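Trainee: What shape does this take:
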Amino acid sequence: MAKGTCQSWDKIRAFILERDHNQCWYCKITQAELAELYGRITRLLLVHHIKPRHFFAPSDDKVDEGSNLVTLCHKCHYKAGIVGSDVYVKLESKRSLVLTVRGKAAVIGAVF
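Mentor: Numbers count the residues shown, from 1 in each chain. Below you'll find the model as predicted:
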């Protein structure tokens, strides 16, 4: 489903948050824990594109497929977002993140 409208993105986002149990995929902090820490309840968890949008053609619907989306908290989203255009983070499995730089991959983190 392409991110053509706000309504379609809101539906995709809600689906991914529910699929990921409203918690950060990497550090496992929940929406409720974030709300308690920061005193607000909206947009504390973000839906992150594992493979960045610029790697896809504008008409490619795969950019917003569930396999390319994951729930992250702000801190983990920042860590994933500090990569450049030749770099992206991929979920190798439910237990590891793989950093790809110009076609070369390396495991950069693990969830226990």
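
Trainee: What strand or helix carries Ser59?
Mentor: Assigned by DSSP states H and E, Ser59 belongs to neither a helix nor a strand.

Trainee: Could you report the distance from it to Ala80?
Mentor: Distance of Ser59 to Ala80, computed by CB to CB, to the nearest Å: 25 Å. (Glycine included, C-beta is placed from N, CA and C.)

Trainee: Same drill for these two, tell me which one is more crowded.
Mentor: With neighbours defined as other CB atoms under 10 Å, Ser59 and Ala80 compare such that Ala80 has more, 23 against 7.

Trainee: Can you report how many residues lie near the residue lying closest to Leu72 once chain neighbours are set aside?
Mentor: What sits nearest to Leu72 in space, not counting adjacent residues and going by CB to CB, 6 or more residues apart in numbering, is His48, at 4.6 Å. A count of nearby residues for His48, using other CB under 10 Å, gives 21.

Trainee: Report the rounded mean pLDDT for the longest helix seen in the chain.
Mentor: Secondary structure of the chain per DSSP state H: the longest helix is helix 6-19. Averaged across helix 6-19, the pLDDT comes to 89.
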